[in-house]
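Visitor: Requesting a structural model of the entry that follows:
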Amino acid sequence: MSKSAAFIPPGATLGVLGGGQLGRMFAQAAQSAGYGVAVLEADEAAPAAQVTGIHLAARYDDPLALDQLAHDCAAVTVEFENIPAHSMQWLESRVPLAPAPQALAVCQDRAQEKALFARLGVPCAPHAVLAASGGLGAVSTELFPGILKTARLGYDGKGQITVQTAADLPAAWAALGGVDCVLEKKLDLAYELSVVMARGRDGCSVLYEPQQNLHRDGILFASFSPGAPITPDIAEAAQNAAATVAEGLDYVGVLCVEFFALRDGRLLANEIAPRPHNSGHHTIDSCTVSQFELQWRTLVNAPLLAPRQHSATVMLNLLGDLWFDATGQQREPDWATVLAQPGAHLHLYGKHAPRKGRKMGHLTCTAATPAEARQTALHACTILGLEPF
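Guide: From the prediction side, this is the model:
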């Protein structure tokens, strides 16, 4: 599709590959502007399938379902990056896509991401690529202690193992299946942050202010915007790096770049998400334009409005652990008391089977000041039995 592509007006149907919570929130945002939404997802009870008018219950590489999606939809996006490459390539010749298959391919592979950072001059962690076909070979001792990560399909702390010494590397690699991996040097982090942005087919971009992220057990626990430790210099450097990545990929759509801020003052890129991101969910309640509105705007070639954050916010992820008491008995969290907190916005994703570590929803706490938003979030932690931050 050309960079001067025509605007797709409301009333058209937009397609999304993937039926999780990101697809659900995209669908809700697009529907509010008058678009229909079709979702391709095998799970009959998937979060996005519950709210869309058209649900193609099939695998992402099912030829009949892909053909139906291309026929019914004016444009198609993705809910997560690990869509089969051949499905995206097949669709690309039949319907406008955002993002493009080439950008997704880079984001599906940590080794390609690292190569992209190097090509663009965006600093990232010292690392080595371990190819399954080449064996371990010689790995610099400077990379230990390190974190061994599968090159593909890792998320929320899965597909990675901490490796203290070179002697521990063979066992760690075997535990990950001996697949292509990236070994990253373990760094002295001050905090983590991310930048969510959107880029249109005309090359114009809009960016949110960076948010500070707190992870527990490899899963995002909370995001703070504004993040207290993020200085203006760090914020500007992170936004510039994210814009450089989007330009380097010739990206169209919503993109998130995650960063490490080190104690020595350096800022290093961690990874790219070619879609809306968990850390940007607060934008639904704290900004004039949410990341999901920007997603449909980029898809239909609508003008990209620069988002303005009108409220300070803390976002808490709600994992399935909350649905079980200390004895392991399932119960419903005390939502009524949570919702009595000023500025508390509850978003549940329609997942009916809670389990440990599963993202069931999120709670956004908004207020006039960061201190007030933080206090509301801490009260919510007390009510829900979450360890305070």
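Visitor: quick one: the most centrally placed residue in the chain from V179, how far?
Guide: Centroid check for the chain by C-alpha atoms, centre = their mean gives H277 as the closest residue, at 2.8 Å. Using C-beta to C-beta, to the nearest Å, one gets 25 Å for the distance from H277 to V179. Every C-beta, even on glycine, is put in place using the N, C-alpha and C of the backbone.
Visitor: What score does the residue nearest to the centre of the chain have for pLDDT?
Guide: At H277, the predicted lDDT confidence score is 98.
Visitor: what do you get for the one 5 residues further on?
Guide: On the pLDDT scale, H282 is placed at 98.
Visitor: what residues are up against it?
Guide: Q211, S223, S225, T313, V314, M315, T364, T366 (C-beta atoms under 8 Å, 6 or more residues apart in numbering).
Visitor: Give the buried subset of those as a ChimeraX selection command.
Guide: Buried members of the contacts of H282, defined by 16 or more other C-beta atoms under 10 Å, are picked up in ChimeraX with:
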select :211,223,225,313,314,315,364,366
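Visitor: Give me the below-cutoff pLDDT ranges for this structure.
Guide: 1-4, 135, 156-157 (pLDDT under 70).
Visitor: one step back: closest to F260 out of the contacts of H282?
Guide: The closest of these to F260 turns out to be Q211 (C-beta to C-beta; 14.2 Å).
Visitor: wouldn't that closest one be in contact with G227 here?
Guide: Yes: assessed by C-beta atoms under 8 Å, Q211 is found in contact with G227 at 5.7 Å.
Visitor: intersection of neighbour lists for these two?
Guide: Contacts common to Q211 and G227, judged by C-beta under 8 Å, 6+ apart, are L193.
Visitor: Which strand or helix spans the residue lying closest to the residue nearest to the centre of the chain once chain neighbours are set aside?
Guide: Leaving aside its chain neighbours, H277 sits nearest to C256 (3.5 Å; criterion: C-beta to C-beta, 6 or more residues apart in numbering). Element membership for C256 (DSSP states H and E) is strand 253-262.
Visitor: Identify all contacting residues around the helix or strand following that strand.
Guide: Beyond strand 253-262 on the C-terminal side, the first helix or strand identified by DSSP H and E is strand 267-273. Contact partners of strand 267-273, identified using C-beta under 8 Å, 6+ apart, comprise 81, 106-107, 110, 113, 116-117, 122-125, 187, 192, 234, 237-238, 241, 245, 255-262.
Visitor: Next secondary structure after strand 267-273?
Guide: Heading C-terminal from strand 267-273 (DSSP H and E), you reach helix 283-286.
Visitor: which strands and helices sit next to that next one?
Guide: helix 291-300, strand 312-319, strand 344-348, strand 359-367 (3 or more C-beta pairs under 8 Å, 6 or more residues apart in numbering; DSSP states H and E).
Visitor: switch to 7 Å and redo it
Guide: Packing partners of helix 283-286 (3 or more C-beta pairs under 7 Å, 6 or more residues apart in numbering; DSSP states H and E): strand 359-367.
Visitor: follow-up on the earlier one: now do the strand holding C256: which elements does it pack against?
Guide: By 3+ C-beta pairs under 7 Å, 6+ apart, strand 253-262 packs against strand 189-199, helix 232-248, strand 267-273, helix 291-300.
Visitor: contact partners of it?
Guide: With contact meaning C-beta atoms under 7 Å, 6 or more residues apart in numbering, strand 253-262 is reached by 77, 98-99, 125, 187-199, 234, 238, 241-242, 245-246, 267-277, 279-280, 291, 294-295, 298.
Visitor: What's the separation between the residue lying closest to S140 once chain neighbours are set aside and I147?
Guide: Among residues not flanking S140 along the chain, A128 sits closest, at 6.7 Å (C-beta to C-beta, 6+ apart). Shown here: A128 relative to I147, a distance of 12 Å by C-beta to C-beta.
Visitor: Near the residue nearest to S140, how many other residues are there?
Guide: Using other C-beta atoms under 10 Å, the number of residues around A128 comes to 20.
Visitor: Could you measure from W173 over to F144?
Guide: Distance from W173 to F144, by C-beta to C-beta: 14 Å.
Visitor: Then L305?
Guide: Distance from L305 to F144, by C-beta to C-beta: 47 Å.
Visitor: now swap in R355 and tell me
Guide: Applying C-beta to C-beta to R355 and F144 gives a distance of 34 Å.
Visitor: For the residue nearest to the centre of the chain, which residues are in contact?
Guide: Counting by C-beta under 7 Å, 6+ apart, H277 makes contact with S194, V196, C256.
Visitor: from these, which single one is nearest A58?
Guide: Nearest to A58 among those, with distances taken as C-beta to C-beta, is C256, at 28.0 Å.
Visitor: and the closest one, what are its bridge partners?
Guide: V196, A273 (DSSP bridges).
Visitor: That one: how many residues sit nearby?
Guide: Neighbours of C256 (other C-beta under 10 Å): 23.
Visitor: Bridged to L348, which residues?
Guide: Under DSSP bridges, the residues paired with L348 across the bridge are G361.
Visitor: what's the closest non-adjacent residue to A377?
Guide: Once flanking residues are discounted, A377 sits nearest to V314: 3.8 Å by C-beta to C-beta, 6+ apart.
Visitor: so the one you found makes contact with H379?
Guide: No: using C-beta atoms under 7 Å, V314 is not in contact with H379; the gap is 10.9 Å.
Visitor: Mutual contacts of the two, please.
Guide: Joint contacts of V314 and H379 (C-beta under 7 Å, 6+ apart) do not exist.
Visitor: to the chain's geometric centre, what's the distance from the strand holding C256?
Guide: 9 Å (C-alpha atoms, centre = their mean, to the nearest Å).
Visitor: how about that strand: buried residues?
Guide: Buried, per 16+ other C-beta under 10 Å, within strand 253-262: G253, V254, L255, C256, V257, E258, F259, F260, A261.
Visitor: just stretch 237-246 next, same as before
Guide: A237, A238, Q239, A241, A242, A243, T244, V245, A246.
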